[in-house]
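**Q** Curious how this folds, go ahead:
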Amino acid sequence: MLIRAARDDDLDAIIELLKDCGLPSDDVLESPIDFVVAVDGGQLAAVVGLERYAEVALLRSVAVAANARGRALARRLCADLLADADAAGCRAVYLLTLDAADFFAPLGFAAVARDTVPQAIRDSAEFSQLCPERALLMCRA
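**A** The predicted structure follows:
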């Protein structure tokens, strides 16, 4: 298993995996997302993305291929990406989820009110257009 920063030639596979997992992918090519991927046997096994906006960021696109589940790939990729965000001086990371709050809580995320989110996150396509209003907003400060 190789874990690395995504390359431009990974984008089609990333979009396909996001769609397979029912996650938004419409803005992947236009948004400032840094992706980390897990590659197994030349195939994309998992992906996690981070949209950085100065001192805050939006964690998104946490997806694992069906044949790669059960190996803690999402947890490992999230932990690596969050450590990178911390090292880069990011003071808060936000995310939106419909059904994975229990996965993110052990990583330090807690639910927060939507009206507390910084404007940069509020203006992102993920927050303003792609995720439904019923999605839970979580923050790791």
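**Q** When you work out contacts or count neighbours from here on, use the C-alpha atoms and nothing else.
**A** Noted.
**Q** which residue ranges form the strands in the chain?
**A** Listed in chain order, the strands of the chain (DSSP state E) span residues 2-5, 33-40, 43-53, 56-64, 92-97, 110-111, 136-140.
**Q** State the distance from residue 68 to residue 30.
**A** For residue 68, the distance to residue 30 (C-alpha to C-alpha, to the nearest Å) stands at 28 Å.
**Q** Same drill for those two, tell me which one is more crowded.
**A** residue 68 (16 against 8; other C-alpha atoms under 10 Å).
**Q** what's the average pLDDT for stretch 9-26?
**A** For stretch 9-26, mean pLDDT is 92.
**Q** how about the strands of the chain, which one is nearest residue 19?
**A** Counting by C-alpha to C-alpha, residue 19 lies closest to strand 56-64 out of the strands of the chain; the figure is 9.4 Å.
**Q** tell me the angle of the closest one relative to strand 33-40?
**A** 30 degrees (axes from the mean of the first three to the mean of the last three C-alpha atoms, to 10 degrees).
**Q** contacting residues for the most centrally placed residue in the chain?
**A** The centre of the chain sits closest to residue 60, judged by C-alpha atoms, centre = their mean, with a distance of 2.1 Å. With contact taken as C-alpha atoms under 8 Å, 6 or more residues apart in numbering, residue 60 is in contact with 48, 49, 50, 51, 95, 96.
**Q** What lies in contact with the worst-scoring helix or strand of the chain on mean pLDDT?
**A** Sorting the helices and strands of the chain by mean pLDDT, DSSP states H and E puts helix 125 at the bottom, at a mean of 85. Helix 125 has contacts (C-alpha under 8 Å, 6+ apart) with 27, 31.
**Q** helices or strands next to the top helix by length along the chain in the packing?
**A** Across the chain, the longest stretch assigned as helix under DSSP state H is helix 73-87. Applying 3 or more C-alpha pairs under 8 Å, 6 or more residues apart in numbering; DSSP states H and E, one finds that helix 73-87 contacts strand 33-40, strand 43-53, strand 56-64.
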